[in-house]
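*Asks:* model the structure of this input:
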Amino acid sequence: MTATQTLSNQANAYLKTRVMTASPEELRLMLLDGAARFLRQGIDGLEAKDYERSFNGISQCRAIIMELLTGVRPEQAPELVERVQSLYSFLYAELVDASFSRDTNRLRKVLGLIEFERETWQMAMQKVRAERESTNRAPTPAALAAQG
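*Replies:* Numbering: from 1, shown residues only. Below you'll find the model as predicted:
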């Protein structure tokens, strides 16, 4: 086994462990990261006229967007879910149309929306985490003494 293969196997093992131990929120963030990474690969491939690399990157991005679209659970917040599904449907359609016409400008706009969605999701995760931490904190002895 070569050093490159060993590193690749270690990276795959790390990624597998990371995915298997991630919360649903973290998995969604990882999917958005992957979608952006693959779309960048697709755009780079188009610009280099490496159409195989472009096809592979954009196809992977489309698959991730479809996973995000079908993974939304409407029982949580139906009105919000409808908006999120509309966004992912739009992104998917844009990916298909822009890749067919080899329009890197449209692909860059999709990339911008994916990156914005990722930032928004990360901020939402941070807010929820902060709220959980504030409600899970035990009162300090000084706070208990002040109440008594």
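
*Asks:* and the closest residue to Val110 other than its chain neighbours, which of the three is it?
*Replies:* Leaving aside its sequence neighbours, Val110 sits nearest to Glu94 (C-beta to C-beta, 6 or more residues apart in numbering; 4.9 Å). Every residue, glycine included, has its C-beta placed from N, CA and C. Secondary structure for Glu94, judged by DSSP: H, G, I helix; E, B strand; the rest coil, is helix.

*Asks:* so Glu94 sits against Gly112, correct?
*Replies:* No: counting by C-beta atoms under 8 Å, Glu94 does not reach Gly112; the two are 11.1 Å apart.

*Asks:* which one of the two is surrounded by more residues?
*Replies:* A count of neighbours by other C-beta atoms under 10 Å puts Glu94 above the other of Glu94 and Gly112, at 17 against 11.

*Asks:* check the spacing between the residue nearest in space to the middle of the chain and Phe55 real quick.
*Replies:* Taking C-alpha atoms, centre = their mean as the criterion, Leu32 is the residue nearest the geometric centre of the chain, at 1.4 Å. Distance of Leu32 to Phe55, computed by C-beta to C-beta, to the nearest Å: 21 Å.

*Asks:* could you measure from Val96 over to Leu107?
*Replies:* 11 Å.

*Asks:* have a look at these two and say which one is more surrounded.
*Replies:* Neighbours were counted for Val96 and for Leu107 using other C-beta under 10 Å; Leu107 has more, 25 against 12.

*Asks:* and that one, what pLDDT?
*Replies:* Leu107 carries a pLDDT value of 98.

*Asks:* contact partners for it?
*Replies:* 39, 42-43, 46, 58, 95, 98-99 (C-beta atoms under 8 Å, 6 or more residues apart in numbering).

*Asks:* next up, the contacts around Gln85.
*Replies:* 69, 72.

*Asks:* alpha carbons of the helix or strand encompassing it, as CSV, please.
*Replies:* For Gln85, the host element (DSSP states H and E) is helix 78-101. Written as CSV, here are the backbone C-alpha positions of helix 78-101 (Å, rounded to 0.1, in the frame of the first residue of the first chain):
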residue,chain,number,x,y,z
PRO,A,78,-44.9,23.3,7.6
GLU,A,79,-44.7,27.0,6.5
LEU,A,80,-40.9,27.1,6.8
VAL,A,81,-40.5,23.7,5.2
GLU,A,82,-42.4,24.9,2.1
ARG,A,83,-40.0,27.8,1.7
VAL,A,84,-37.0,25.6,2.1
GLN,A,85,-38.3,23.1,-0.4
SER,A,86,-39.0,25.9,-2.8
LEU,A,87,-35.4,27.1,-2.4
TYR,A,88,-33.9,23.6,-3.0
SER,A,89,-36.2,23.0,-6.0
PHE,A,90,-35.0,26.3,-7.5
LEU,A,91,-31.4,25.4,-6.9
TYR,A,92,-31.8,22.0,-8.5
ALA,A,93,-33.6,23.4,-11.5
GLU,A,94,-30.9,26.1,-11.9
LEU,A,95,-28.1,23.4,-11.6
VAL,A,96,-29.7,21.4,-14.4
ASP,A,97,-30.3,24.4,-16.7
ALA,A,98,-27.0,26.1,-16.1
SER,A,99,-25.0,22.9,-16.5
PHE,A,100,-26.8,22.1,-19.7
SER,A,101,-26.1,25.6,-21.1
